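A.B. asks: The following comprises the amino acid sequence and a computationally predicted model.
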Amino acid sequence: IAAAAGGNATASISNSGTLSISAVANATGGTAQGAFSTVTAAGTTSTLAPGALAVIVNGIRQVAAATPAVTGVVAVPTTGGGTTAATTAALNGDASVTLNNSGTISIGASANAVATGPAMASAAVFTGISQSAFAGAVTLGTGATAAIAGGNASASLTNSGTINIGADANASGSAAAANAGVGVGIGQFAAAGAGSANVSLVNATTPGTGTATAGFVGAINVAASANAIAASGLGSAIAGVTAGISQLASGFTANASVVNDGTINVSAVANAAGTAAFASALVGTGIAQVARGQGATTVTTTANGATNLVATGGANVSLANSGTIDVAALASANAPGIGTGTTAVPGGSATALAHVGHAIVQTASATGANASATLTNSGAIVASAIANASGASAIASAGAVGVAQNVFAPAGVALASLTNSGTVTVNASALANGTAFASAGAHASAALAQSATGATASETMTNSGTSNNVAHATDSAVGHVTATT
């Protein structure tokens, strides 16, 4: 954490070796789960607790804060006959956080519970890598001549190595529950009260060239994996990633950018087996980019009397991909019968849910200026959801959404621009195999979607590549099938 009053604040990390941050929990025994009680006016309730619990709150956390230092103050008379203090001068600084990785960074939570009785394991990474930059502002003067002054804020990450961020939970017992979650794999935040806020991420096989060599990898992997195996009861596995990469820039001018010519993989995988089985795999967003600009619009008059609107500040998000961005949710639930003859335990219900909210979401908004969202793809962007369920009663549901751009500039120009010369694929597949009942539903939508709202609005989409929406649903018992694109 770097903090400065009146000057610049800088926090930086450079890694060319191996950096490993881990939390590991193992539980074995007759029972590998606990419980805690909550007492209320209505009575006492008991809640199961993991026998093995591994948590990382922040794997790597970088913070830089630059606040103004007031250097001049005058007393200004008030209408009531008194005085009030007004700032006339201040020193402002910039806030900057940077991370450069050409080696290997591994951040992982692993929980493992094994028991002859019930077992429960939970693993969580709230934020793998967190970058935050804050540049404060101060008001100089009073009344109509007052002005806001402040510095700039920036957060940047450059990777030409490997970054692995993951949560892994495994449970095995008579009944088993495994929960694995990653909140945000890489989070970048920059806020500037009066200046420019910039966040940027570059993932490159060779920085600046886009040409792969043996010396550079350029891989970012964010994953949640849950596996539950129950010998004679319910097997429940839940895996989720809220956002693989999240960017937020807020300032007079706000910019968020991602450049990828390597590989970015975001995945949630859930596998459950038991006499009854439930598996849920969810990825909220693979890459989320948000820019919020304040800006201002002024009116100028030309020599011939015409008027022009001139916008300063604003909000811009951009993503350029010439590599691979793969966002996947995979869920499998298996509830077979156990044993034969008089000791046989019949198969039960199996439910598998796999969903990808969006592979990429870009949002730009400016209250008094222009806003734009730009995406250029010459590589591969994939959003896939696959759900498989097998049991006496089997339900499988899969859904995936591709790329969305949302631009808002009520007082300026709103521009959404998308150029694809590569491939964009949205795939949803659901398979339900039930001896008594089966239901399978798959939905693949919006490989490419745009929305622009402003005083002037423009949506442009140029496609010389391939865009695929594929939904496939299959069941093998009396039931129903739904497949939509």
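C.D. replies: Right, received. Where do you want to start? Values in this document were obtained by computation on a predicted structure and should not be read as measured data.
A.B. asks: Could you tell me how far Thr145 is located from Gly72?
C.D. replies: Per Cβ to Cβ, to the nearest Å, Thr145 is found 15 Å from Gly72. C-betas here are computed from N, CA, C, even on glycine.
A.B. asks: The two: which has the busier surroundings?
C.D. replies: When Thr145 is set against Gly72 and neighbours are counted by other Cβ atoms under 10 Å, the residue ahead is Gly72, at 10 against 7.
A.B. asks: do you know how far that one is from Asn92?
C.D. replies: In this view, Gly72 and Asn92 are 13 Å apart by Cβ to Cβ.
A.B. asks: go on, Ser257?
C.D. replies: Between Ser257 and Asn92 the computed distance is 24 Å (Cβ to Cβ).
A.B. asks: now do Asn370
C.D. replies: Noted for Asn370: a distance of 25 Å to Asn92, by Cβ to Cβ.
A.B. asks: Tell me if I'm right that Val76 and Thr142 touch.
C.D. replies: Yes. Here Val76 reaches Thr142: they are 5.6 Å apart, a contact under Cβ atoms under 8 Å.
A.B. asks: list the contacts for Gly59?
C.D. replies: Taking Cβ atoms under 8 Å, 6 or more residues apart in numbering, we find Gly59 in contact with 21, 107, 125, 127-129, 165.
A.B. asks: SS state for it?
C.D. replies: strand (DSSP: H, G, I helix; E, B strand; the rest coil).
A.B. asks: Tell me the spacing between it and Ser160.
C.D. replies: Per Cβ to Cβ, Gly59 is found 19 Å from Ser160.
A.B. asks: farthest pair in the contacts of Gly59?
C.D. replies: Ile21 and Thr127 (11.7 Å; Cβ to Cβ).
A.B. asks: Give me the pLDDT for Thr88.
C.D. replies: Thr88 is assigned a pLDDT of 71 by the prediction.
A.B. asks: how deep is it tucked in, by neighbour count?
C.D. replies: 14.
A.B. asks: Surely it and Val76 touch.
C.D. replies: No. Assessed by Cβ under 8 Å, Thr88 is found out of contact with Val76, at 9.8 Å.
A.B. asks: Tell me which other helices or strands the helix or strand where Ala409 lies touches.
C.D. replies: Here Ala409 sits within strand 380-420, counting by DSSP states H and E. Here strand 380-420 touches strand 276-293, strand 307-312, strand 314-321, strand 324-335, strand 349-366, strand 371-377, strand 423-463, strand 466-475, going by 3 or more Cβ pairs under 8 Å, 6 or more residues apart in numbering; DSSP states H and E.
A.B. asks: Run me through the strand neighbours of it, direction for each.
C.D. replies: Its sheet considered, strand 380-420 pairs with strand 324-335 (parallel), strand 349-366 (parallel), strand 371-377 (parallel), strand 423-463 (parallel) by DSSP bridges.
A.B. asks: Outside of the shortest one itself, list whatever touches it.
C.D. replies: So the one you mean is strand 371-377. Against strand 371-377 from outside (Cβ under 8 Å, 6+ apart): 289, 291, 293, 314-322, 360, 362-365, 403, 405-409, 412-422, 424, 454, 465.
A.B. asks: now those residues: which count as buried?
C.D. replies: Among the contacts of strand 371-377, those classed as buried by neighbour count (16 or more other Cβ atoms under 10 Å) are 289, 291, 293, 314-322, 360, 362-365, 403, 405-409, 412-420, 422, 424, 454.
A.B. asks: need the contact list for the residue nearest in space to the middle of the chain.
C.D. replies: Against the mean C-alpha coordinate of the chain, by Cα atoms, centre = their mean, the closest residue is Ala243 at 1.6 Å. Counting by Cβ under 8 Å, 6+ apart, Ala243 makes contact with 183-185, 187, 284-288.
A.B. asks: Distance to Ala32, pLDDT and neighbour count added to those residues, as TSV?
C.D. replies: As requested, those are exported to TSV (distance: Cβ to Cβ, whole Å; pLDDT from 0 to 100; neighbours: other Cβ atoms under 10 Å):
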residue	distance to Ala32	pLDDT	neighbour count
Gly183	25	98	19
Val184	29	98	23
Gly185	28	98	30
Gly187	32	98	23
Gly284	30	97	22
Thr285	33	98	23
Gly286	33	98	30
Ile287	36	98	27
Ala288	36	98	23
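A.B. asks: tell me which of those residues is nearest to Val97?
C.D. replies: When those are compared for distance to Val97 (Cβ to Cβ), Gly187 comes out closest, at 11.4 Å.
A.B. asks: does that closest one count as helix, strand or coil?
C.D. replies: strand.
A.B. asks: wait, it sits on Leu99?
C.D. replies: No. With contact taken as Cβ under 8 Å, Gly187 and Leu99 are classed as non-touching, separated by 11.8 Å.
A.B. asks: where do the contact lists of those two overlap?
C.D. replies: Joint contacts of Gly187 and Leu99 (Cβ under 8 Å, 6+ apart) are 129, 131.
A.B. asks: hmm, back to that, okay, the helices and strands packed on strand 380-420 in a markdown table with distance to Ala66 next?
C.D. replies: A markdown table is the format used below for those (distance: least, Cβ to Cβ, whole Å):
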| stretch | distance to Ala66 |
| --- | --- |
| strand 276-293 | 19 |
| strand 307-312 | 22 |
| strand 314-321 | 21 |
| strand 324-335 | 33 |
| strand 349-366 | 23 |
| strand 371-377 | 26 |
| strand 423-463 | 32 |
| strand 466-475 | 44 |
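A.B. asks: Select from the ones you listed the stretch with the lowest mean pLDDT.
C.D. replies: Mean pLDDT values for the helices and strands packed on strand 380-420 show the minimum at strand 307-312, a mean of 49.
A.B. asks: what are the ranges of the strands in the stretch 1-150 of the chain?
C.D. replies: Assigned by DSSP state E, counting those that start in this stretch, the stretch 1-150 of the chain shows strands spanning 2-5, 9-15, 18-29, 33-40, 43-50, 52-67, 69-77, 83-91, 95-101, 104-115, 119-135, 137-140, 147-150.
A.B. asks: Near Asn388, how many other residues are there?
C.D. replies: Asn388: 24 neighbours (other Cβ under 10 Å).
A.B. asks: Surely it is in contact with Thr351?
C.D. replies: No. Between Asn388 and Thr351 there is no contact under Cβ under 8 Å: 10.9 Å.
A.B. asks: what touches both of these two?
C.D. replies: With Cβ under 8 Å, 6+ apart as the test, Asn388 and Thr351 both reach 333, 396.
A.B. asks: beta partners of the residue nearest to the centre of the chain?
C.D. replies: Going by DSSP bridges, Ala243 forms beta bridges with Val184, Thr285.
A.B. asks: again with Asn265
C.D. replies: Counting by DSSP bridges, Asn265 is bridged to Asn221, Asp326.
A.B. asks: tally of neighbours for it?
C.D. replies: 18.
A.B. asks: pLDDT value on it, please?
C.D. replies: Reported pLDDT at Asn265 in the predicted model: 98.
A.B. asks: Next: Ala32.
C.D. replies: pLDDT, Ala32: 80.
A.B. asks: Please tell me I have it right and it contacts Ala111.
C.D. replies: No. Contact status for Ala32 versus Ala111: not in contact, 10.2 Å apart, counting by Cβ under 8 Å.
A.B. asks: More neighbours: the two, which one.
C.D. replies: Taking other Cβ under 10 Å, Ala32 and Ala111 do not tie; Ala111 has more neighbours (29 against 25).
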